[in-house]
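> Give me the fold of what follows.
(one chain, ligands or ions: 1)
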Amino acid sequence: MRYISTRGQTAPHSFSDAVAVGLAPDGGLFLPEHLPDLSGYLASWERLDYAELCVEFLAHFATEIPRATLSDIVRRSYTRFESTAIAPLVQLDARTYVLELFHGPTLAFKDFALQLLGNLYEHQCRARQETINVLGATSGDTGAAAIHGLLGKPGTAIFILYPDGRVSPLQERQMTCTGADNVFALAIDGTFDAAQTALKEIFGDQDFRTRHRLSAVNSINLARVLAQCVYYLHAWLRLPQEVRGEAEFVVPTGNFGNVFAGWLLARMGVPLAGFKVATNQNDILHRFFTTGEYRVGEVQPSLAPSMDIQVASNFERLLYYQLGGDASRLRSAMQQFKATGACTFEGFAGGAFTSCRTSDAEIPGIMQRVHHEFGYIVDPHTACAFKALNPSRVSVVLATAHPAKFPETIKAAIGVAPTHPSLEALKARPIVKYLVPADAAAIRAFIEQRAI
Ligand SMILES: N[C@@H](CCOP(=O)(O)O)C(=O)O
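Sure thing, here's the model as predicted:
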């Protein structure tokens with residue numbers, strides 16, 4: 001299997017090379033040259049455990065990695081999850097399921113891909129006898145998960161940009177209290193979008209990225225999206241047969257990577273029936289799915305900070321498919337968006353996606369309702385997905401973060417502050433962070449001095 005860029009100006013890459021660089025050199029995002037048809041495998045995958053299923057799935061994509069090596073990488077990636085089911089599917093009532101994606105080491109769905117990506121990087125460093133410098137931007141959860149995917153991995157250094165003061169205190173501690181000397185948490189004076197823009201500019205500097213063997217750890221890296229396909233597949237296989245054809249997956253999302261993974265899986269012949277995109281008050285995706293206009297707005301800090309994003313990276317991948325794989329039209333659309341901050345796509349709204357928007361004023365009330373109705377505690381991101389489940393179909397809500405990451409918001413809503421031992425342990429450790437302007441040149445200079 002080879003990987004092509006959405007912008008059509010990069011030679012096809014192998015899986016390992018696409019993972020190693022993350023963002024395509026022409027500024028586009030990698031996608032598989034063709035998608036496998038998985039429909040014929042589903043019956044035989046019914047009884048596989050999470051790691052077994054992940055190996056079967058990834059074997060269609062990581063085609064140059066020997067099967068035994070892939071299997072070893074995958075198995076090691078899911079040993080640090082607290083639930084033996086890895087991604088338990090919890091039934092709340094006849095029509096409502098929750099897919100709990102917060103049992104990994106940093107208590108967020110990002111662990112599913114970033115534990116794996118850490119092991120893929122390690123494999124690559126060993127196989128190529130090279131070091132790698134990883135760069136990511138985070139609005140809260142990616143940074144912690146990326147750092148914990150790489151902790152203790154020789155030959156790697158990791159640089160994470162995050163908006164200073166705009167992630168939750170515990171999210172910040174997960175990134176800044178590791179004590180590791182290959183981890184650099186850069187608190188920037190700007191929004192997540194500013195961090196992501198600076199990151200893309202740095203990846204646009206071919207000389208710099210080649211010299212430092214720079215890799216992208218955000219969901220612009222296709223390995224992230226592919227790893228996330230697996231939990232949809234796992235959940236779909238665990239739904240009762242009679243509801244599989246109608247279940248709508250309701251997905252809190254900011255950068256569009258999470259819900260895009262489910263949609264991509266559906267294109268591979270796994271009959272997932274539909275997706276609801278759940279945004280917070282940063283609602284560019286909701287506006288797009290309801291009007292067809294993709295227009296950037298001001299980032300508004302919210303109670304669900306990991307989704308405080310206006311420019312959703314993976315939207316480009318969806319657009320590529322919706323434009324029939326026409327890279328030249330895609331390039332024009334992205335240029336127009338960059339120049340004017342807006343683009344309209346006739347006939348795109350709807351389809352497999354519905355959407356909803358939840359304001360900060362609504363989040364506490366939703367948390368109270370879910371707690372009261374089901375005795376279940378949701379974090380503020382997952383609360384956005386519970387805004388308005390469709391009563392006429394089965395919903396599978398993706399619970400993207402552990403409630404203990406947001407104790408203040410939850411205490412204010414339901415009077416109980418959830419805790420988790422791994423987060424409590426962080427409170428005694430010193431914070432190490434670097435204050436840097438939201439400026440590509442300053443960040444480049446920082447990396448230049450510390451890259452391995
Ligand atoms: N929600 C994210 C923002 C980055 O998204 P990613 O999925 O592209 O890494 C976060 O928590 O950092």
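> how about the residues of the stretch 251-400 of the chain that lie near the ligand?
For the stretch 251-400 of the chain, the contact set with the ligand under CB under 6 Å from any ligand atom comprises 254-255, 257, 306, 313. In this view, the C-beta of every residue, glycine as well, is placed from N, C-alpha and C.
> do that again at 8 Å, thanks
Counting by CB under 8 Å from any ligand atom, the residues of the stretch 251-400 of the chain close to the ligand are 254-255, 257-258, 305-307, 309, 313-314.
> who's in contact with G254?
139, 192, 279-280, 282, 306-309, 312 (CB atoms under 8 Å, 6 or more residues apart in numbering).
> Roughly how far does H286 sit from L120?
In this view, H286 and L120 are 33 Å apart by CB to CB, to the nearest Å.
> Between the two, point out the one with more neighbours.
L120 (27 against 19; other CB atoms under 10 Å).
> Now do the same contact list for A441.
A441 touches nothing, counting by CB under 8 Å, 6+ apart.
> let's go with 10 Å and repeat that
Each residue near A441 by CB atoms under 10 Å, 6 or more residues apart in numbering is listed here: 198, 201-202, 205.
> from the residues you listed, which is closest to the ligand?
A198 (13.7 Å; CB to the nearest ligand atom).
> Can you get me a residue count around the nearest residue to the closest one once chain neighbours are set aside?
Spatially, and ignoring its direct neighbours in sequence, A198 is nearest to A440 (4.4 Å; CB to CB, 6 or more residues apart in numbering). The tally of other residues near A440 (other CB under 10 Å) stands at 18.
> correct me, but A440 touches Q196?
No. Between A440 and Q196 there is no contact under CB atoms under 10 Å: 11.3 Å.
> Around the closest residue to R2 other than its chain neighbours, count how many other residues there are.
In space, R2 comes closest to P12 once its chain neighbours are excluded; the distance is 3.9 Å by CB to CB, 6+ apart. Per other CB under 10 Å, the neighbour tally for P12 reads 13.
> I'd assumed H34 was in contact with P12.
No. Using CB under 10 Å, P12 is not in contact with H34; the gap is 11.2 Å.
> any shared contact partners between those two?
1-2, 4.
> Which stretches in the stretch 301-450 of the chain count as helices?
In the stretch 301-450 of the chain, the segments counted as helices under DSSP state H, counting those that start in this stretch are 315-322, 327-340, 363-374, 380-385, 407-414, 421-426, 440-450.
> what's near enough to touch S14?
Residues near S14 by CB under 10 Å, 6+ apart: 1-3, 20, 62-65.
> Over to A428?
Taking CB under 10 Å, 6+ apart, we find A428 in contact with C177.
> Torsion angles phi and psi at it?
With angles defined as degrees, to the nearest 10, A428 sits at phi -90, psi -10.
> The one 10 residues further on now?
Backbone torsions of A438, given as degrees, to the nearest 10, read phi -80, psi 70.
> Excluding residues flanking it in the chain, which one is nearest it?
Using CB to CB, 6+ apart, the closest residue to A438 is G190 (3.2 Å).
> just to revisit the earlier point, where do the contact lists of A440 and Q196 overlap?
Common neighbours of A440 and Q196 (CB under 10 Å, 6+ apart) do not exist.
> dump the residue contacts of the residue nearest to P271 when sequence neighbours are not counted.
Leaving out its chain neighbours, the residue that sits closest to P271 by CB to CB, 6+ apart is G245, at 6.5 Å. For G245, the contacting residues are 239, 271-273, 393-394, by CB under 10 Å, 6+ apart.
> ditto for G40
Neighbours of G40 in contact, by CB under 10 Å, 6+ apart: G269.
> Need the pLDDT of V436.
As predicted, V436 sits at a pLDDT of 97.
> Please verify my assumption that it contacts A442.
Yes. Contact criterion CB under 10 Å: V436 and A442 qualify, at 5.5 Å.
> which residues of the stretch 51-200 of the chain fall in helices?
67-77, 111-128, 141-150, 169-176, 192-204.
> For L38, find the nearest of these.
helix 67-77 (16.7 Å; CB to CB).
> Need the residues that contact that closest one.
50-59, 61-66, 86, 104, 111-120, 122-123, 127, 149, 227, 230.
> Out of those, which end up buried?
By neighbour count, with 16 or more other CB atoms under 10 Å, the contacts of helix 67-77 hold 50-51, 53-59, 61-62, 65, 86, 104, 111-120, 122-123, 149, 227, 230 as buried.
> on that earlier part again, so how do I select the buried members of the contacts of G245 in ChimeraX?
Only the buried entries of the contacts of G245 go into this ChimeraX selection, using 16+ other CB under 10 Å:
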select :239,272,273,394
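> Now render the contacts of G245 as JSON lines, adding pLDDT.
Below are those laid out as JSON lines (pLDDT from 0 to 100):
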{"residue": "L239", "pLDDT": "98"}
{"residue": "P271", "pLDDT": "96"}
{"residue": "L272", "pLDDT": "96"}
{"residue": "A273", "pLDDT": "93"}
{"residue": "R393", "pLDDT": "94"}
{"residue": "V394", "pLDDT": "97"}
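> quick one: which of the contacts of G245 is nearest to the ligand?
Ranked by distance to the ligand (CB to the nearest ligand atom), the contacts of G245 are led by L272 at 19.5 Å.
> tell me the contacts of the nearest residue to that closest one once chain neighbours are set aside?
Counting by CB to CB, 6+ apart, L272 lies nearest to A266, which is 4.4 Å off, once chain neighbours are set aside. With contacts defined as CB under 10 Å, 6+ apart, A266 is in contact with 229, 232, 236, 249, 272-275, 352.
> Give me the subset of these lying in strands.
Among these, the members found in strands (DSSP state E) are 249, 274-275.
> Noted, bye for now.
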